[in-house]
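**Q** Okay, sequence plus prediction incoming.
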Protein chains: 2
Amino acid sequence: MSRTDSAAAPELDFGASGLVPVVAQDSDSREILMLAYASPEAVERTRETGLAHYYSRSREELWQKGATSGHVQNVTEVRVDCDGDALLYLVEQEGGACHTGHRSCFYRTLDGENVGDRVFDPDAVYE
Amino acid sequence: MSRTDSAAAPELDFGASGLVPVVAQDSDSREILMLAYASPEAVERTRETGLAHYYSRSREELWQKGATSGHVQNVTEVRVDCDGDALLYLVEQEGGACHTGHRSCFYRTLDGENVGDRVFDPDAVYE
């Protein structure tokens, strides 16, 4: 890349937790699919493989999205926010991002209205 | 609201930190504008006023976006993720969301390329 507006790679700030929040957005529809967390290793694996990797806080391990379900995310671009303490993965989502079977994890309003699309049956995907 | 797919309001999980990450997305362009954090009070104030409120971790205080800069966010909808531990504010953004003058805080790629729009001069807005 030789664009004149290129600069040094932004420093990432993983803070005390060692993780940064990551927003995954569908690069075509621009729908927000999920929010998860990444460790330095998860960012590096994402960069190397082109597949979205995260760090599971509950399982305490590196995690490739879709490794179990097949619902992988092909990452077209990774963006960094102004403070370097949040990331945006622009992705092509296979199937659905949410373990409930919805396309997006953000399928409910604060009042409980369901505004999301259910795209798969989780019982058929997760055993 | 009387839609048949309505249900009880989702419970929010503010975790050990007492905060949830919030993604702010432009409700028209669907651009991701910023990621910040909300306390229960910030969520309640957002709901009451229709203006995006957050909790500043560095200043340790409730914060109305745009209170200083005038770059407020009119919130058209708040969504909750599947686990109740992340929020999505759909907003109409006045001016720019980022203190650097960019429309979005996510104006750089991981490699340092600037892919964002600068919409105001921060020196003229913040004294």
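**A** Noted; the coordinates are in hand.

**Q** From now on I want contacts and neighbour counts done on CA atoms only, so please keep to that.
**A** Fine.

**Q** So what's the residue count around the nearest residue to residue A:68 once chain neighbours are set aside?
**A** Spatially, and ignoring its direct neighbours in sequence, residue A:68 is nearest to residue A:126 (7.5 Å; C-alpha to C-alpha, 6 or more residues apart in numbering or on different chains). Residues near residue A:126, counting by other C-alpha atoms under 10 Å in any protein chain shown, number 9.

**Q** Residue A:8 now?
**A** By other C-alpha under 10 Å, the residues close to residue A:8 number 9.

**Q** which SS state does it fall under?
**A** coil (DSSP: H, G, I helix; E, B strand; the rest coil).

**Q** For the nearest residue in space to it that is not next to it in sequence, give me its contacts.
**A** Spatially, and ignoring its direct neighbours in sequence, residue A:8 is nearest to residue B:112 (5.3 Å; C-alpha to C-alpha, 6+ apart). Under the criterion of C-alpha atoms under 8 Å, 6 or more residues apart in numbering or on different chains, the neighbours of residue B:112 are A:6-10.

**Q** Over to residue B:112: give its phi and psi.
**A** phi 100, psi 10 (degrees, to the nearest 10).

**Q** how big is the angle separating the helix or strand hosting residue A:33 from strand B:32-38?
**A** Per DSSP states H and E, residue A:33 falls inside strand A:32-38. Angle, strand A:32-38 to strand B:32-38, by axes from the mean of the first three to the mean of the last three C-alpha atoms, to 10 degrees: 60 degrees.

**Q** Any chance you could list what contacts the helix or strand containing residue A:48?
**A** Per DSSP H and E: residue A:48 is located in helix A:40-49. Residues from elsewhere that reach helix A:40-49, judged by C-alpha under 8 Å, 6+ apart: A:14, A:18-19, A:51-55, A:62-63, A:75.

**Q** Thanks a lot, catch you later.
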